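Peer 1: any chance you can model this:
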Amino acid sequence: MPDKRQPHHSHDKGYRELLSSKRAFLELLKTFVHEEWAKDIDEDSLMRVEKSYILQDFSEKEADIVYRLKTKGNDVIFYVLLELQSTVDYLMPFRLLLYMVEIWRDIYNNTPEDERERKGFRLPVIIPAVLYNGANNWTAALHFKEILAGYRQFEKHVLDFRYILFDVNRYQVEELYRAANLVASVFALDQKMSAEELVRRLWKLAGVLKNLGRDEFRQFAAWLSHVFKARLPEPLREKVDKIVSEVNPWEVDVMITNLEITLEEMQQQAEMRGLVKGRAEGRAEGRAEGEAIGEARGKVEATQDAICKYLRRRFGDASAGLQQKVREMISLEVLDGVMEELFAANTLEEARAIIRDGIERG
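Peer 2: Numbers count the residues shown, from 1 in each chain. Sure thing, here's the model as predicted:
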C-alpha cells in the first residue's frame, strides 16, 4: 500500500498545503479547466485522499495531491502531480500511468473480494493532471499513446489517456488578475519574475487578498512564505517568516510594505558585498603593483556612503547619529569589517554596538 510521504522541496510543500484545501482545489478546477463537468462539482462532494502514490523511484523529485469525487452514479479520482522542476520530463505520461495503476491497485486491494468479483464492479475514473511551474514551455506529450512507438498503426488497440496541464507560466497575468481568487493569485505570484515585479504584483492583488477568509489567507501566507524565502538569502528568510506569519487579511498593505523594505535591504546588502569584494580585489591589485589603491580617500568615502545608505534604508532617521560616526572612520579595513557585520544587525542597538567596536578598532 502506498505510504504517506512529505514533499522534498519547500515549493512542493507550499502547493501541497494550499491544494489540501477543498475550496482552493475547486478553484483550480473551475478557473483553469474549461469543461462542462468542472462547473458542476461542489465542495461537499469532494473528499481529500490522505495518501501519496509517488513511487520510490521518484520520491526525491515530486509530490502529489489526490481527491475523490463522489456523486450519484459517479466515482472519480482527481490525481494532480506537482511537477515543480526546471526541466520538462518527456516520460510524464508513463509516470502518470504508474500512479494511476497504483491507485486502482489500492482500491482493488481494499475492496471486499465478494464485491469486486461482481459483474457490476467498476473501478473509478481517474483524471490525471500535472501542475508545472518551469520557465520552459511544456513540450512533453499530453496523450499517453504518443510515447508508444508505432502507435498509429494499432491506434484502436493501444491504451491512451490525456492529462490536464496547469502550466503556471503560460497563463496571462491579466487573466489571473481577472479571476480574482486565491489560486489565480498564487499563479500570478509564482511566475518567473524579479523580486521587484513580485512586489508590484502583490500590490495589484492586494484587494483580492484582503477579501480572503482567514483560513484562505493563512493558506496563502504559508505558500507565499515558502516561495518568497526561496528568492532571498538565508539571513533574511527568518524576517520574511515573521512578516508573513503575523499578518491578517486586513493588514495586507502592511505586509507588502514590509516585504518591499526587505527586498530593498537585500539589494543594499548585495551592493555592499559587491563593494567589499571590489575593495579587497583593489587592495590585492594595489599591493601587486605597489599602489595603495585601497587606502585612497575616494575608496574610503565610497565605503562610508554605502554604509550610511544602508543604515538610512534599514533604520531611517534614527540612524543619523550613527551615520555621522561612520563619516569619522577613515580606515578602509575597519569600514569593510563594519559593513560585513552590519548584515547581521537586527536592531539599531546592535548596529550601534558594531560601529562602536569599529571606532575602537580604528
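Peer 1: now the strands for the stretch 51-200 of the chain?
Peer 2: Under the criterion DSSP state E, counting those that start in this stretch, the stretch 51-200 of the chain carries strands at the ranges 63-71, 74-83, 125-132, 164-167.
Peer 1: tabulate those strands (a markdown table), appending mean neighbour count.
Peer 2: Bear in mind the C-beta positions are built from the backbone N, C-alpha and C, glycine included. Putting the strands of the stretch 51-200 of the chain into a markdown table (neighbours: other Cβ atoms under 10 Å) gives the following:
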| stretch | mean neighbour count |
| --- | --- |
| strand 63-71 | 19 |
| strand 74-83 | 20 |
| strand 125-132 | 21 |
| strand 164-167 | 18 |
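Peer 1: including distance to Arg116 and mean pLDDT, could these go into TSV?
Peer 2: TSV is the format used below for the strands of the stretch 51-200 of the chain (distance: least, Cβ to Cβ, whole Å; pLDDT from 0 to 100):
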stretch	distance to Arg116	mean pLDDT
strand 63-71	17	89
strand 74-83	14	92
strand 125-132	17	96
strand 164-167	28	96
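Peer 1: please identify which of these is closest to Glu146.
Peer 2: When those are ranked by proximity to Glu146, the top entry is strand 164-167, at 13.6 Å, counting by Cβ to Cβ.
Peer 1: in the stretch 101-250 of the chain, which spans are helices?
Peer 2: Taking DSSP state H, counting those that start in this stretch, the helices of the stretch 101-250 of the chain run over residues 113-116, 173-179, 182-190, 195-204, 206-210, 214-230, 234-245.
Peer 1: out of the ones you listed, deepest packed?
Peer 2: Neighbour counts (mean count of other Cβ atoms under 10 Å) averaged over each of these peak at helix 182-190, with a mean of 24.
Peer 1: against Ile355, how distant is the nearest residue to Arg68 once chain neighbours are set aside?
Peer 2: For Arg68, the nearest residue in space outside its immediate sequence neighbours is Met47; the separation is 4.8 Å by Cβ to Cβ, 6 or more residues apart in numbering. Taking Cβ to Cβ, to the nearest Å as the measure, Met47 and Ile355 are separated by 60 Å.
Peer 1: quick one: low-confidence parts of the protein?
Peer 2: Low-confidence regions of the chain, defined here as pLDDT under 70, cover residues 1-12, 55-62, 230-235, 265-296, 362.
Peer 1: domain assignment for it?
Peer 2: Taking automatic domain parsing as the reference, the chain has its domains at 1-170, 171-268, 296-361.
Peer 1: hmm, Asn258 is touching Ile243, no?
Peer 2: Yes. Counting by Cβ atoms under 8 Å, Asn258 touches Ile243, with 4.6 Å between them.
Peer 1: sweet, I'm off.
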